[in-house]
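S.K.: Next come a sequence and a model predicted from it.
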Amino acid sequence: MALQRPYDALIIGSGQAGTPLASAFAKAGQKVVLIESTHIAGCCVNEGCTPTKTLITSGRVAHLTQRGPDYGIHTSKENETNQVLVDMKKVRQRKRDIVESFRGGSEKRLKDAGVEVLMGKAGFVSPTTVHVVTGGGQGSEKILTAKNIFINVGERPATPSLQGIKKLSKERVLDSTSIQELDAVPEKLVVIGGGYVGVEFAQLFGRLGSTVTVLQRAKQLLPREDQEVAQALKEILEDEGVVIKLESEAVGVDSVSENGSFTLSVKHAGAEQQIEGTHILFAAGRVPNTESLNLEAAGIETNARGYIVANEFLQTTAGHVYVLGDVKGPPAFTHISYDDFRIIKANLLPESPEAPKLGTTGRLVPYVVYTDPQLGHVGLHEHEARKQFPEKNIKTAKMPMAWVARALETDESKGLMKAVVDGDSGEILGFTCLGIEGGEVMAVVQMAIMGGVRYQKLQDAVWAHPSLAESLNNLWGFLE
Ligand SMILES: Cc1cc2nc3c(=O)[nH]c(=O)nc-3n(C[C@H](O)[C@H](O)[C@H](O)COP(=O)(O)OP(=O)(O)OC[C@H]3O[C@@H](n4cnc5c(N)ncnc54)[C@H](O)[C@@H]3O)c2cc1C
Ligand SMILES: NC(=O)c1ccc[n+]([C@@H]2O[C@H](COP(=O)([O-])OP(=O)(O)OC[C@H]3O[C@@H](n4cnc5c(N)ncnc54)[C@H](O)[C@@H]3O)[C@@H](O)[C@H]2O)c1
């Protein structure tokens, strides 16, 4: 084993924070090494946001083509209902091409910045020393020491656990990564979990032609959302033919037929029932990639769920070791991981000695669930606002998207908007748009929250007609 000269910065994991951080340190003249076990650019680019949103676009095209007759558009005289043929290999290739191009961009930026990249799996030997196994265990081992260490190793899908699962052939048991590599549309897809991953894939594969059943253990889809928003999303998915069973759980695989299809027994509404499937997608949550890091050797603490504990400056319990992204626990989004990078960069590479120290406290968290219509949200949900500010005069405004001219003109008027405000000051505390381009509409309100703009200003603003933002004139009339 070769002993190396100490690095200024050693980064474990090429996630959404580690990758730009490595470049920033290198550009600042520091000696940097980035260790990555699988592929540069992490989950978001390789198996998360980028590929899923690319696939979802194919699903939307299939959906809109079939809706053509609603707009007076037919693909041919013979095909009056605009039935579509899905070429899953082409759908997959389009996804692969975009992933490859995004990953290539990240690789090039690291190279241009002069970052040393080491492909291998890292774990701690001591607070300042890291052991790296390269070449998937067949290659060499390295011991590296560094002044500062940054952990950005992310999460992975929770391991499927279901009685009798071994009776199914491997290619029929899917997670959020393997489902994206299918070269044919599954006939009957059972989705276990009704969170972000579950709802996005359920709608996508329903649109591509699968019969889809979602088994969600909680009382609603997306348990963090306010109940009426989750209910509206459920109805939208059901309108497209997705079967959703709430408060339900798969008990086990009962039987498997010769062609590979199977029956599952499911506990639902207090009774046991059977459902059929050809494929099963486990979307019941993700777990942090901490086990192989040997964190005890560095004195780094984790919480009960295995997430690394950090203070608001992203320092772990070993002060010179920092943690960024999903592996420190929710919220698990690319833009949060990227903001972690921004915090570390500002604090460790300050532009001037007077530059203020940044932290995570009070960080505004927006997100978009890429169902169609999108579910964009920023700030607090109603239940959170009421709990956090019992002394405030919390008011909410809800308006169906069917009241938005632009949504009616495009005939995409499903969903609703909901705002949560402090009725006394007019401060906007949270906003949700489940509607066409819900993420973009949400971003308009996010700007208002960031600028401290009260809702009355949006109510009286001159918005271009007929834009979706124009609905921010009318929404506030529903405050109660
Ligand atoms: C299907 C899916 C869809 C998603 N869609 C969205 C979306 O639309 N929008 C959004 O904001 N977020 C989305 N997310 C979440 C998003 O992908 C993550 O929040 C984001 O990637 C941030 O992750 P990260 O920076 O913590 O690390 P990651 O991107 O997970 O990267 C961690 C890296 O560390 C490497 N690694 C792990 N262990 C080791 C080790 N011991 N040694 C060396 N390297 C190691 C891994 O190989 C990986 O490359 C989605 C996630 C999934 C699964
Ligand atoms: N558009 C986006 O931003 C996006 C998309 C995908 C993922 N993500 C990120 O990835 C994270 C993980 O997503 P996820 O959907 O895998 O996890 P999740 O934790 O958000 O949802 C998992 C769901 O599965 C349910 N569940 C758990 N065990 C179950 C069981 N045995 N049977 C039935 N249901 C069960 C839970 O009630 C929960 O609602 C998200 O929280 C999010 O931060 C973001």
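M.R.: Right, received. Where do you want to start? Numbers count the residues shown, from 1 in each chain. Ligands and ions are numbered 1, 2, ... in the order given.
S.K.: got the contact list for the one residue in the stretch 251-400 of the chain that gets nearest to ligand 1?
M.R.: Proximity of the stretch 251-400 of the chain to ligand 1 (C-beta to the nearest ligand atom) peaks at Gly325, 2.3 Å away. All C-beta spots, glycine's among them, are computed from the backbone N, C-alpha and C. By C-beta atoms under 8 Å, 6 or more residues apart in numbering, the contact list for Gly325 reads 13, 15-18, 152-154, 332, 336-337, 340.
S.K.: Make a markdown table from those and add pLDDT, secondary structure and neighbour count to it.
M.R.: Converted to a markdown table, these look like this (pLDDT from 0 to 100; DSSP: H, G, I helix; E, B strand; the rest coil; neighbours: other C-beta atoms under 10 Å):
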| residue | pLDDT | secondary structure | neighbour count |
| --- | --- | --- | --- |
| Gly13 | 98 | coil | 28 |
| Gly15 | 97 | coil | 32 |
| Gln16 | 97 | coil | 30 |
| Ala17 | 98 | coil | 32 |
| Gly18 | 98 | helix | 29 |
| Asn152 | 98 | coil | 30 |
| Val153 | 98 | coil | 27 |
| Gly154 | 98 | coil | 24 |
| Ala332 | 98 | coil | 20 |
| Ile336 | 98 | helix | 21 |
| Ser337 | 98 | helix | 26 |
| Asp340 | 98 | helix | 27 |
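S.K.: from these, which are also near ligand 1?
M.R.: 13, 15-17, 152-154, 332, 337 (C-beta under 6 Å from any ligand atom).
S.K.: The helix or strand hosting Thr263 - which strands sit beside it in the sheet, and in what orientation?
M.R.: Assigned by DSSP states H and E, Thr263 belongs to strand 262-268. Strand 262-268 sits in its sheet next to strand 248-256 (antiparallel), strand 271-277 (antiparallel), going by DSSP bridges.
S.K.: in the last one, what counts as buried?
M.R.: Using 16 or more other C-beta atoms under 10 Å as the test for burial, strand 271-277 gives 275, 277.
S.K.: do the first one as well
M.R.: Taking 16+ other C-beta under 10 Å as the neighbour-count basis, strand 248-256 is seen to contain the buried residues 248, 250-251, 253.
S.K.: For the residue in the chain positioned nearest to ligand 2, give me its contacts.
M.R.: Nearest residue of the chain to ligand 2, counting by C-beta to the nearest ligand atom: Gly195, 1.9 Å away. Contact analysis of Gly195 by C-beta under 8 Å, 6+ apart lists 221-223, 283-285.
S.K.: cutoff 7 Å now
M.R.: Applying C-beta atoms under 7 Å, 6 or more residues apart in numbering to Gly195 gives the contacts 222, 283, 285.
S.K.: Which residue is the nearest non-sequential neighbour of the residue most central in space within the chain?
M.R.: The chain has Phe333 as the residue nearest its centroid, 5.3 Å off, counting by C-alpha atoms, centre = their mean. Once flanking residues are discounted, Phe333 sits nearest to Tyr367: 5.5 Å by C-beta to C-beta, 6 or more residues apart in numbering.
S.K.: Is that neighbour bridged to anything, and to what?
M.R.: Residues in a beta bridge with Tyr367, per DSSP bridges, are His377.
S.K.: wait, is Tyr148 part of a strand?
M.R.: To be clear, residue 148 is Asn; Tyr isn't right here. Yes - under DSSP: H, G, I helix; E, B strand; the rest coil, Asn148 sits within a strand.
S.K.: count of residues packed around it?
M.R.: Number of residues near Asn148 (other C-beta atoms under 10 Å) recorded here: 19.
S.K.: now His268
M.R.: For His268, the tally of surrounding residues (other C-beta under 10 Å) stands at 17.
S.K.: before we move on, back to that, how about the contacts of Gly325 in CSV, adding distance to ligand 2?
M.R.: Shown next, in CSV, are the contacts of Gly325 (distance: C-beta to the nearest ligand atom, whole Å):
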residue, distance to ligand 2
Gly13, 16
Gly15, 13
Gln16, 12
Ala17, 15
Gly18, 18
Asn152, 16
Val153, 15
Gly154, 10
Ala332, 3
Ile336, 9
Ser337, 10
Asp340, 14
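S.K.: ok, the strand holding Thr263 near ligand 2 or not?
M.R.: No - contact of strand 262-268 with ligand 2 (C-beta under 6 Å from any ligand atom) is absent, the minimum separation being 9.3 Å.
S.K.: Which parts of that strand count as buried, going by neighbours?
M.R.: By 16+ other C-beta under 10 Å, the buried positions in strand 262-268 come out as 262, 264-268.
S.K.: starting at the chain centroid, how far to that strand?
M.R.: Put simply, strand 262-268 sits 28 Å off its chain's centre (C-alpha atoms, centre = their mean, to the nearest Å).
S.K.: and which of the buried residues of strand 248-256 is nearest to Ser292?
M.R.: Ala250 (29.0 Å; C-beta to C-beta).
S.K.: who in the stretch 251-400 of the chain is up against ligand 1?
M.R.: Near ligand 1, when you scan the stretch 251-400 of the chain using C-beta under 6 Å from any ligand atom, you find 289, 292-293, 325-327, 332-335, 337, 370.
S.K.: mind showing which ranges of the stretch 1-150 of the chain have poor pLDDT?
M.R.: Scanning the stretch 1-150 of the chain for pLDDT under 70 picks out 1-4, 136-139.
S.K.: For stretch 276-289, which outside residues touch it?
M.R.: So stretch 276-289 is in contact with 153-158, 160, 168, 172-176, 179, 186-193, 195, 197-198, 201, 260-264, 306-307, 327, going by C-beta under 7 Å, 6+ apart.
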